[in-house]
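> need coordinates for the below:
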Amino acid sequence: MYISGEFGRQWLGTSDAFYGVAQLPGGPNYTRGIPEPSYNTWNIGVGFTYKVFTLDLRYSDTNLSKGACNAFTSDYTAKIATAGSVSAINPGGFESNWCGATGIVKLSADLTAVTNLK
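So this is what the prediction gives:
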């Protein structure tokens with residue numbers, strides 16, 4: 001049995017100027033690209049091994065907003081949500097459920113020929 005976890009931070013910077021939009025009157029100038037949000041990811045899990053098999057049960061989450069998630073994934077099932085989701089990188093205000101808290105179950109087998117197959 002084992003317990004494991006991870007924490008990660010993504011610093012994304014600014015998009016290429018190709019994705020920039022012209023400055024609107026009184027608005028910010030994005031002709032050099034759009035600032036993309038940085039975000040954290042983490043997971044924690046427990047695993048059980050028996051012979052060549054491993055069962056891993058894990059919880060994973062992120063603080064990436066649903067609006068930014070849609071901008072990065074182009075989720076075709078995204079829904080229009082609140083005005084808080086409207087940004088330069090997501091002007092339509094669409095929100096995706098593809099990023100966020102989830103449970104993961106993985107069953108794997110180590111079939112390394114030299115050590116496990118006899």
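
> check what pLDDT Pro37 gets.
In this model, Pro37 is scored at 84, pLDDT.

> skip the chain neighbours and tell me the closest residue to it.
Sequence neighbours aside, Ala68 is the residue nearest to Pro37 in space, at 4.8 Å (criterion: CB to CB, 6 or more residues apart in numbering). Where you see a C-beta, it was placed from the backbone N, CA and C, and this is true even at glycine.

> and Phe48, by the same measure?
Here the residue nearest Phe48, using CB to CB, 6+ apart, is Leu55, at 4.9 Å.

> what's the burial count for the one you found?
Neighbourhood size, Leu55 [other CB atoms under 10 Å]: 13.

> could you double-check that it lies in contact with Gly45?
No. With contact defined as CB atoms under 8 Å, Leu55 does not reach Gly45; the gap is 10.3 Å.

> you'd agree the residue nearest to Phe48 is in a strand?
Yes. With DSSP: H, G, I helix; E, B strand; the rest coil as the criterion, Leu55 is part of a strand.

> and the longest helix seen in the chain, what other elements does it pack with?
The helix that spans the most residues within the chain, counting by DSSP state H, is helix 66-73. Judged by 3 or more CB pairs under 8 Å, 6 or more residues apart in numbering; DSSP states H and E, the packing partners of helix 66-73 are strand 94-95.
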